[in-house]
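Colleague: make a model of this:
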Amino acid sequence: MERTADELTGTPAKWWHAIPGEEGRIQCDLCPRDCKLHEGQRAACFVRANQGGKMILTTYGRSSGFCIDPIEKKPLNHFYPGSSVLSFGTAGCNLACKFCQNWDISKSREMDRLQDAATPAAIAQAAARHGSQSVAFTYNDPVVFAEYAMDTADACHALGIHTVAVTAGYMHPAPAREFYAKMDAANIDLKAFSDDFYFKLCGAHLKPVLDCIALVHHETDCWIELTTLVIPGHNDSDHELGELAKWVASELGPDVPLHFSAFHPDWKMRDIPATPHATLRRARKIALDAGLHYVYTGNIHDHAGDATHCPQCDNLVIERDWYEILRYDLDAAGHCQHCGAALAGRFGKFGTPFGARRQPIVI
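Modeller: Okay, here's the model as predicted:
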């Protein structure tokens with residue numbers, strides 16, 4: 001019998017070890033922070049803790065809310081376009097981004113924010129009941145609630161429902177292999193192409209993110225798309241954008257979609273102006289010139305930056321207006337109906353698109 005959500009709170013966690021010679025002290029092995037915890041201490045993410053000399057996950061079975069979204073909002077443009085996805089998160093994060101757009105959830109240390117409780121089976125059943133093709137672990141980084149996400153993924157797969165991770169990709173290789181083996185798709189933030197940016201603005205480092213992205217792409221079957229939030233004066237130079245695009249093209253290949261999204265002032269960076277539309281269009285051109293086939297702009301109204309073109313014949317195959325699909329010229333296998341070329345991604349029979357609506361639900 002499955003445990004109730006209340007019983008699941010404080011569930012034993014994976015990926016930790018006792019520190020030799022330091023009685024009761026443990027180290028978390030989930031992410032490169034390698035937090036070392038005495039009895040009663042919480043890790044930097046705040047949700048993984050030392051209780052009785054063992055690591056527990058304090059947010060298992062608890063959520064900050066559930067909502068049905070368009071898959072394009074994750075953003076995923078090549079993963080069953082037009083479908084709906086049941087989205088949820090918990091609390092906490094293992095990065096410390098000063099520009100966090102969901103800071104009220106990811107930076108929360110108030111467990112009473114987690115008002116919605118649900119077991120993995122209940123989430124999968126809710127997705128099936130609402131006709132959602134996927135469940136997304138999002139709003140805060142699913143790395144910090146990996147056990148909950150993985151158990152939910154198992155419950156989803158048992159009902160034929162896909163799973164999606166929206167993450168910063170700050171994770172050690174061993175747990176990453178286990179985690180992404182259970183994900184059907186992921187949008188991974190590549191926040192910048194500078195370790196200085198990661199260190200000063202995120203409290204992290206670039207290399208573990210690059211290693212994680214490469215691991216997911218080359219060693220798992222998880223479909224990935226990347227997102228860079230372009231912040232004026234911090235990661236928007238031609239040189240940095242060019243280096244980022246060249247790394248994607250050379251390390252991952254030209255078919256991994258790259259999304260450039262607009263920053264808006266938030267959290268601890270309210271003094272930085274919003275990203276000009278021209279900056280995102282410039283970033284997109286740089287990435288296309290670097291050889292990437294699928295480059296998008298986000299958080300702005302940009303007809304060209306929303307569109308998917310066939311890389312072989314250059315015909316428009318998916319026309320979008322924000323999260324609305326206006327035209328769809330692919331067959332069920334993802335082949336261009338103009339020239340027959342196969343587009344990169346995961347596709348299926350295209351029906352009535354879900355559209356741009358957002359539908360909060362209770363489980």
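Colleague: contacts, neighbours, all on C-alpha from now
Modeller: Noted.
Colleague: who's in contact with T297?
Modeller: Neighbouring residues of T297 by C-alpha atoms under 8 Å, 6 or more residues apart in numbering: H259, F260, S261, A262, L280, R281, R284, G305, D306.
Colleague: now could you export just the CA positions of the strand or helix carrying the first one as PDB?
Modeller: Assigned by DSSP states H and E, H259 belongs to strand 258-262. Once side chains and other backbone atoms are set aside, the C-alpha atoms of strand 258-262 remain, and they are given as PDB (Å, rounded to 0.1, in the frame of the first residue of the first chain):
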ATOM      1  CA  LEU A 258      18.500  26.600 -27.900                       C
ATOM      2  CA  HIS A 259      16.200  29.200 -26.400                       C
ATOM      3  CA  PHE A 260      17.300  32.700 -25.600                       C
ATOM      4  CA  SER A 261      14.800  34.300 -23.000                       C
ATOM      5  CA  ALA A 262      14.300  37.800 -21.900                       C
END
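Colleague: and the next helix or strand past that strand?
Modeller: Next along the chain from strand 258-262, counting by DSSP H and E, comes helix 277-289.
Colleague: okay, that next one in PDB with CA atoms only?
Modeller: C-alpha atoms of helix 277-289 as PDB (Å, rounded to 0.1, in the frame of the first residue of the first chain):
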ATOM      1  CA  HIS A 277      14.100  42.600 -28.000                       C
ATOM      2  CA  ALA A 278      17.000  43.400 -30.300                       C
ATOM      3  CA  THR A 279      19.400  41.600 -28.000                       C
ATOM      4  CA  LEU A 280      17.500  38.400 -28.200                       C
ATOM      5  CA  ARG A 281      17.300  38.600 -32.000                       C
ATOM      6  CA  ARG A 282      21.100  39.300 -32.100                       C
ATOM      7  CA  ALA A 283      21.700  36.200 -29.900                       C
ATOM      8  CA  ARG A 284      19.500  34.100 -32.200                       C
ATOM      9  CA  LYS A 285      21.400  35.200 -35.300                       C
ATOM     10  CA  ILE A 286      24.800  34.500 -33.700                       C
ATOM     11  CA  ALA A 287      23.600  30.900 -32.800                       C
ATOM     12  CA  LEU A 288      22.100  30.300 -36.300                       C
ATOM     13  CA  ASP A 289      25.400  31.500 -37.800                       C
END
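Colleague: am I right that D69 sits in a strand?
Modeller: Yes: counting by DSSP: H, G, I helix; E, B strand; the rest coil, D69 is found in a strand.
Colleague: that one contacts L76, correct?
Modeller: No: using C-alpha atoms under 8 Å, D69 makes no contact with L76, being 11.6 Å away.
Colleague: returning to that earlier point: between helix 277-289 and the strand holding H259, find me the angle.
Modeller: Between strand 258-262 and helix 277-289, the angle comes out at 170 degrees (axes from the mean of the first three to the mean of the last three C-alpha atoms, to 10 degrees).
Colleague: which one of the contacts of T297 sits in the busiest neighbourhood?
Modeller: With neighbours taken as other C-alpha atoms under 10 Å, the top of the contacts of T297 is H259, carrying 29 neighbours.
Colleague: any idea what that residue is bridged to?
Modeller: The bridge-partner assignment for H259, based on DSSP bridges, gives T227, Y296.
Colleague: helix, strand or coil for C339?
Modeller: coil.
Colleague: quick one, what contacts it?
Modeller: Q312, C313.
Colleague: any idea how far it lies from S237?
Modeller: Applying C-alpha to C-alpha, to the nearest Å, the value for C339 to S237 is 37 Å.
Colleague: would you map out the domains in this protein?
Modeller: The domain map for the chain lists 5-57, 62-361, with the assignment taken from automatic domain parsing.
Colleague: now mean pLDDT too, for the ones you listed, in TSV please.
Modeller: Formatted as TSV, the domains of the chain follow (pLDDT from 0 to 100):
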stretch	mean pLDDT
domain 5-57	90
domain 62-361	94
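Colleague: still on that earlier bit, may I ask which two of the contacts of T297 are separated the most?
Modeller: Maximum pairwise distance in these, criterion C-alpha to C-alpha, is 13.4 Å, between A262 and D306.
Colleague: need the overlap of contacts for these two.
Modeller: T297, G298.
Colleague: helices of the stretch 51-200 of the chain, start to end?
Modeller: Using DSSP state H, counting those that start in this stretch, the helices of the stretch 51-200 of the chain run over residues 103-106, 120-129, 146-158, 173-180, 195-197.
Colleague: so can I have CSV of the ones you listed showing mean neighbour count?
Modeller: Compiled in CSV, the helices of the stretch 51-200 of the chain are given as follows (neighbours: other C-alpha atoms under 10 Å):
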stretch, mean neighbour count
helix 103-106, 20
helix 120-129, 19
helix 146-158, 21
helix 173-180, 18
helix 195-197, 16
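Colleague: what's the closest of these to P20?
Modeller: helix 173-180 (20.9 Å).
Colleague: just the CA coordinates for the closest one, please, in CSV.
Modeller: This file holds the C-alpha atoms of helix 173-180, laid out as CSV (Å, rounded to 0.1, in the frame of the first residue of the first chain):
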residue,chain,number,x,y,z
PRO,A,173,27.4,12.5,-12.7
ALA,A,174,26.3,9.4,-10.8
PRO,A,175,22.9,10.7,-9.6
ALA,A,176,22.5,12.5,-12.9
ARG,A,177,22.6,9.2,-14.7
GLU,A,178,19.9,7.7,-12.5
PHE,A,179,17.8,10.8,-12.6
TYR,A,180,17.8,11.4,-16.3
